[in-house]
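J.: based on what follows, work out the 3D shape:
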Amino acid sequence: MQLRDLMAITLFVEDLDAARRFYADVFGGTEVFTDDVSTGISIGNTILNLLQVGSAQELVEPGEVGAPGPHRVMLTVEVPDVDAVCAELARLGVPLRNGPQDRPWGVRTAAFTDPAGHLWEVAAPL
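T.: Numbers count the residues shown, from 1 in each chain. Alright, predicted model coming up:
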């Protein structure tokens, strides 16, 4: 089994318009499709699918779509300069959750969230 080519990540969001603006502004994403309940944004070679929470149930059945709460996942993007990215995030009004900081495993990181609370990290090798 070869599960190597990540095609899409689907994030459940409460406010589709706010999420759409966030990913266009912060990630420079390009909209590849949109409808009343979802938007697909191309970031690099991955599609980020933003789906309104009310339309997500059929994707997770027989489970349930949960409300925002404790973090269970962090998505990391490698960047050449964490501090420069943090300066740009500040310019865009995106607050940091932590960092920038040097980690003992040899990377410099900083974390932030999208409007729905999904946790993102930028990282660069030391």
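
J.: please make it C-alpha for all contacts and neighbour counts, starting now.
T.: Will do.

J.: what distance separates stretch 85-98 from the centre of its chain?
T.: Centre-to-centre, stretch 85-98 and its host chain are 14 Å apart (C-alpha atoms, centre = their mean, to the nearest Å).

J.: which residues touch it?
T.: Residues from elsewhere that reach stretch 85-98 (C-alpha atoms under 8 Å, 6 or more residues apart in numbering): 25-26, 79, 100, 110-113, 122.

J.: now do it: distance from first to last residue.
T.: 13 Å (C-alpha to C-alpha, to the nearest Å).

J.: kindly report the same for stretch 1-18.
T.: 38 Å.

J.: show me what counts as buried in stretch 16-31.
T.: Judged by neighbour count using 16 or more other C-alpha atoms under 10 Å, the buried positions of stretch 16-31 are 16, 19-20, 22-23, 29-31.

J.: now pLDDT and secondary structure too, for these, in a markdown table please.
T.: Formatted as a markdown table, these follow (pLDDT from 0 to 100; DSSP: H, G, I helix; E, B strand; the rest coil):
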| residue | pLDDT | secondary structure |
| --- | --- | --- |
| 16 | 96 | helix |
| 19 | 96 | helix |
| 20 | 95 | helix |
| 22 | 97 | helix |
| 23 | 96 | helix |
| 29 | 93 | coil |
| 30 | 94 | strand |
| 31 | 95 | strand |
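
J.: out of those, flag the one nearest to residue 53.
T.: Nearest to residue 53 out of these is residue 16 (C-alpha to C-alpha; 9.2 Å).

J.: any regions of this protein where pLDDT drops low?
T.: 3 (pLDDT under 70).

J.: go with 90
T.: In the predicted model, the chain carries pLDDT under 90 at residues 1-7, 45, 54, 56-73.
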